[in-house]
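K.L.:
A structural model of the following input is requested.
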Amino acid sequence: MKERTAIDTIKGYFYQFDLAIVKLLELKKDTETIVIEGIEDIDINTATEETAIQCKYHAKKEYNHSVIAKPIRLMLDHYKEVIEGTKKQINYKLYGYFESGQAKLTLPIDSTFLKKHFLTYTEKKVEYYHHIKHNLTDTELDDFISLLEININAMEYQSQVKKISTLLINQFGCKAFEAEHFFYNNALKVIKELSIEDDVKKRKISKSEFLKKIDLKRVLFNEWFITYKGEAKLFTELRTQYFTALNISPFERFFIIEIPTTNYVRTELKDVIFTISKKWSKLSKRDQKPFCPYIYLHNIPHKELIELKKELYSEGFIFIDGFDFDGAEFSVKSICKTANNDNSIKFKLLNKFEHINLTLNEINKTKEIYQFYCTNPFFNSSYINVKHVQIQISQLTDIKKIV
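P.N.:
Numbering: from 1, shown residues only. The predicted structure is shown next:
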């Protein structure tokens, strides 16, 4: 029971975050803004008006007036301050999804209905009248109602997600996969980071700033996106998108991998190398265009790299690194040597960061770069004709589940 409640709570947060994303994407002007967790869950500021939105998602609950009564009373508290001149006038919106019971509420409401069902309540057997507490007249309550919009027929969770996808596709001219894994993934991260800011001023963002922040064509290992998607499903979708093909083309593929500074295990790295080499090499005599991958290990200590190479060599795992003899300088001609059945070169190891561009510049065939990074991408490709995929990982073993 507790687990189901926790899932429902998380889904409620997602629903609110998704609504914020929708509202940002629907703003007419790039200068218009929203505030996360301002007066209400979402405050929208346009050139003509300001609206505070309270968001409720109850997929397993029947609608009852009491469910939205407290949020409406809190909105009335703000309205009282408007009357007193301490706050500026805004519009109020109650946006909610319920499993059933919507027929109980007939709109529009009047002041009598407002007082009876939303402003009168009981706590510890004592009845309270919120309108009397604030000494508000029916005329003032009618004015409040004119500023209040109630929608208890809001979009269902997945329908709202689909709407976001459509809005992102239209905004960026992208495909559905990119809309979800790049832009929506980034958008969740941006909204989540805004929501935890202590200063309300830092929870404010314009449409143009939001679009700039999410316009990153790389896959983030974002905890909120992982919760939404599920780790196993995410890895499967990435593998399907980038690493599944009936016939692997003889391209020159570069796997650029950042080594985590903590929890590094050599055997895990070796498993990753073995996996990449096995899947992305073709060395049989039947292959007219044999090939094997290039691998660069970012931030691996020099001594550890030597020990790794020793182990691979002692296990009979054949590789080259562009150094032909002791004391020789790096040779792009050497590293670009064709792998085949005779020499059995399983992969080509790039020892240094600068060797990546030197090698890329030497190759005239089709090239692809797959970068796996921990926090931020460390290699920025300037090759407009080279496919460059950037995927964030939390640990080395993630790579095996993707490639």
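K.L.:
E178 is in contact with K217, correct?
P.N.:
Yes. Judged on C-beta atoms under 8 Å, K217 makes contact with E178 at a distance of 7.0 Å. Any C-beta I mention is one placed from the backbone N, CA and C, and that applies to glycine too.
K.L.:
Compare these two (neighbour count), which wins?
P.N.:
Neighbour count, other C-beta atoms under 10 Å: between K217 and E178, E178 has more, with 18 against 14.
K.L.:
For the more buried one, give me its contacts.
P.N.:
172, 217 (C-beta atoms under 8 Å, 6 or more residues apart in numbering).
K.L.:
That one belongs to a strand?
P.N.:
No. Going by DSSP: H, G, I helix; E, B strand; the rest coil, the assignment for E178 is helix, not a strand.
K.L.:
where do the strands sit along the stretch 201-350 of the chain?
P.N.:
According to DSSP state E, counting those that start in this stretch, the stretch 201-350 of the chain carries its strands in the segments 204-206, 252-258, 294-298, 319-320, 347-350.
K.L.:
Apologies, that question was intended for the stretch 51-200 of the chain.
P.N.:
Going by DSSP E, counting those that start in this stretch, the stretch 51-200 of the chain shows strands at 91-100, 120-123, 126-129, 148-151.
K.L.:
Put together CSV for those, with mean neighbour count on each row.
P.N.:
What follows is those, written out as CSV (neighbours: other C-beta atoms under 10 Å):
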stretch, mean neighbour count
strand 91-100, 19
strand 120-123, 12
strand 126-129, 10
strand 148-151, 17
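K.L.:
Let's have the ones you listed in CSV, adding distance to R253 and mean pLDDT.
P.N.:
Shown next, in CSV, are these (distance: least, C-beta to C-beta, whole Å; pLDDT from 0 to 100):
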stretch, distance to R253, mean pLDDT
strand 91-100, 46, 96
strand 120-123, 65, 94
strand 126-129, 69, 95
strand 148-151, 51, 97
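K.L.:
Make sure I164 is actually in contact with N185.
P.N.:
No. Assessed by C-beta under 8 Å, I164 is found out of contact with N185, at 11.3 Å.
K.L.:
of these two, who's got more company?
P.N.:
Taking other C-beta under 10 Å, I164 and N185 do not tie; N185 has more neighbours (25 against 20).
K.L.:
wait, that one sits on R218?
P.N.:
No. N185 is not in contact with R218 according to C-beta under 8 Å; the separation is 9.1 Å.
K.L.:
can I see the domain layout of this protein?
P.N.:
Structural domains assigned to the chain are 2-214, 230-402, following automatic domain parsing.
K.L.:
Look up how far N299 lies from D138.
P.N.:
According to C-beta to C-beta, to the nearest Å, D138 stands 69 Å off from N299.
K.L.:
typo on my end, N357
P.N.:
N357 is 17 Å from N299, by C-beta to C-beta.
K.L.:
same thing with K56?
P.N.:
46 Å.
K.L.:
what about the two, which has more around it?
P.N.:
Comparing K56 with N299 by other C-beta under 10 Å, the one with more neighbours is K56, at 20 against 13.
K.L.:
K93 is in contact with that one, correct?
P.N.:
No. Here K56 lies out of contact with K93, judged by C-beta under 8 Å, at a distance of 11.3 Å.
K.L.:
so which of the strands of the stretch 201-350 of the chain gets nearest M75?
P.N.:
Closest to M75 of the strands of the stretch 201-350 of the chain, according to C-beta to C-beta: strand 204-206, at 20.0 Å.
K.L.:
mind listing what the closest one pairs with, with the direction of each?
P.N.:
strand 33-36 (antiparallel) (DSSP bridges).
K.L.:
Mind pulling up the pLDDT for T48?
P.N.:
What the model reports as pLDDT for T48 is 86.
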